[in-house]
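Here is my input; please provide its structure:
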Amino acid sequence: MALRRLLRGRVEWSRLEAVAREIRDRYDREEVSVRFLEADNWLSTPMVVDERWFVKVISRQNSIVHALFTTGRNLGAFSTGTEGFFEHFSTPAEMAEHELEATQRMREIGLNAPEPIEAFEVDGLGVLVLEYLPEFRTLDELDEAAEADLAPALFVSLRTMHEHELLHGDLRAENVLILDGEIYFIDATNVRDTGAEDAKSYDVACALGALEPLIGADRTADAALTVFSAEELLAAARFLDFVNIRPDHDFDAAKLQGEIEKRASSP
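So this is what the prediction gives:
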């Protein structure tokens, strides 16, 4: 946690106050109530304003960490024999704008995501404003039976993204929100169009890796096969070891690989 705090950095209180004042003025409020979230997030300072808006404040330090992550992910992609397909944003404002656009795009193709409000810049900080979903739980906060029930729907949603040439790039349990039994997506990252097919396989590998610790390798593979072919899962399996070295994933890659290969070889 000390390393996480060091890398993420801390936005000065005066700059956070400036963001709060800007939100107050933009939305014609006499005053605003701000509640900071203790989220496990390297790339922003998240807060809830008036229990109505979810706000991400993105600093230059967050942008530098994003650049480090992007470089590491592309090196990992190279290790699988594919060209790196992640892209970095040059400014905090660009990071906020991209997530706003990705959230809008997900809603346009019929997927659930918080309503995007706007993105803007204050004192060099990128600010993203989304609808706040007060009653959500993340996928890994459900009981195992509910997680297993939702697993096929997660892969259906991922297939929908890919059919519309939309790539998530950072799919993990913390980025899958559950509200009233429905799946919502947040935190899409930036992927180059030139690496789209490999990035789709990477997305599937991330979904497999997110589900395996929750419901086991066998049920994860079965859920994926309701949507993706065995050949598509074998393509995704190339990325399992790469995904598993990320600090925000921890799953049995060998067991998943074995379950996928077993199903692919079945007549």
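
Let me see the contact set for residue 234.
Listed by Cβ atoms under 8 Å, 6 or more residues apart in numbering, the contact set of residue 234 reads 260, 261, 264. Every residue, glycine included, has its C-beta placed from N, CA and C.

By mean pLDDT, point me to the weakest helix or strand of the chain.
Using mean pLDDT, DSSP states H and E, helix 2-8 stands out as the lowest-scoring helix or strand of the chain, at a mean of 47.

How about residues contacting the helix or strand just after that helix?
Beyond helix 2-8 in the direction of the C-terminus, DSSP states H and E gives the next helix or strand as helix 13-26. Contacts with helix 13-26, where a contact means Cβ under 8 Å, 6+ apart, come from 29-32, 34, 45, 47, 49, 53, 55, 57, 118, 120, 122-123, 125, 127, 129.

Tell me the buried residues within these.
32, 45, 47, 49, 53, 55, 57, 120, 122, 125, 127, 129 (16 or more other Cβ atoms under 10 Å).

measure the nearest residue in space to the second one that is not next to it in sequence to residue 10 for me?
Ranked by Cβ to Cβ, 6 or more residues apart in numbering and with sequence neighbours excluded, the top spatial neighbour of residue 45 is residue 57, at 4.4 Å. From residue 57 across to residue 10, the span is 11 Å (Cβ to Cβ, to the nearest Å).

separation between residue 56 and residue 19?
10 Å.

For burial, what's the neighbour tally of the closest residue in space to residue 186 that isn't next to it in sequence?
Spatial nearest neighbour of residue 186, chain neighbours left out: residue 175 (5.3 Å); criterion: Cβ to Cβ, 6+ apart. Look at residue 175: counted by other Cβ atoms under 10 Å, it has 19 neighbours.

and what of residue 202?
31.

And it, what's its pLDDT?
Here, the pLDDT recorded for residue 202 equals 87.

Secondary structure element for it, which one?
Using DSSP H and E, residue 202 sits in helix 196-215.

roughly how far is that helix from the heart of the chain?
Distance of helix 196-215 from its chain centroid, counting by Cα atoms, centre = their mean, to the nearest Å, is 12 Å.

Looking only at that helix, what residues are buried by neighbour count?
198-215.

cool, stretch 126-142 as well?
Buried residues in stretch 126-142 (16+ other Cβ under 10 Å): 126, 127, 128, 129, 130, 132, 133, 136, 139, 142.

now swap in stretch 170-181 and tell me
170, 171, 172, 173, 174, 175, 176, 177, 178.

Could I get the phi/psi values of the first one?
The phi and psi values for residue 170, taken as degrees, to the nearest 10, are phi -150, psi 50.

re the thing from before, could you say what helices and strands the helix holding residue 202 packs with?
helix 144-163, helix 217-225, helix 230-237, helix 240-244, helix 253-265 (3 or more Cβ pairs under 8 Å, 6 or more residues apart in numbering; DSSP states H and E).

Could you check the angle it makes with helix 144-163?
180 degrees (axes from the mean of the first three to the mean of the last three Cα atoms, to 10 degrees).

how about helix 196-215 as PDB, C-alpha atoms only?
The C-alpha trace of helix 196-215 is given here as PDB (Å, rounded to 0.1, in the frame of the first residue of the first chain):
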ATOM      1  CA  ALA A 196      -7.600  -5.200 -32.400                       C
ATOM      2  CA  GLU A 197      -7.700  -9.000 -32.800                       C
ATOM      3  CA  ASP A 198      -5.000  -9.600 -30.300                       C
ATOM      4  CA  ALA A 199      -6.600  -7.000 -28.000                       C
ATOM      5  CA  LYS A 200      -9.900  -8.900 -28.200                       C
ATOM      6  CA  SER A 201      -8.100 -12.100 -27.200                       C
ATOM      7  CA  TYR A 202      -6.500 -10.200 -24.300                       C
ATOM      8  CA  ASP A 203      -9.900  -8.900 -23.200                       C
ATOM      9  CA  VAL A 204     -11.200 -12.500 -23.100                       C
ATOM     10  CA  ALA A 205      -8.100 -13.600 -21.100                       C
ATOM     11  CA  CYS A 206      -8.700 -10.900 -18.600                       C
ATOM     12  CA  ALA A 207     -12.300 -12.000 -18.200                       C
ATOM     13  CA  LEU A 208     -11.200 -15.600 -17.700                       C
ATOM     14  CA  GLY A 209      -8.600 -14.400 -15.200                       C
ATOM     15  CA  ALA A 210     -11.200 -12.300 -13.300                       C
ATOM     16  CA  LEU A 211     -13.600 -15.200 -13.000                       C
ATOM     17  CA  GLU A 212     -11.300 -18.200 -12.200                       C
ATOM     18  CA  PRO A 213     -10.600 -17.200  -8.500                       C
ATOM     19  CA  LEU A 214     -14.400 -16.600  -8.000                       C
ATOM     20  CA  ILE A 215     -16.000 -19.700  -9.600                       C
END
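
Great, nothing more from me.
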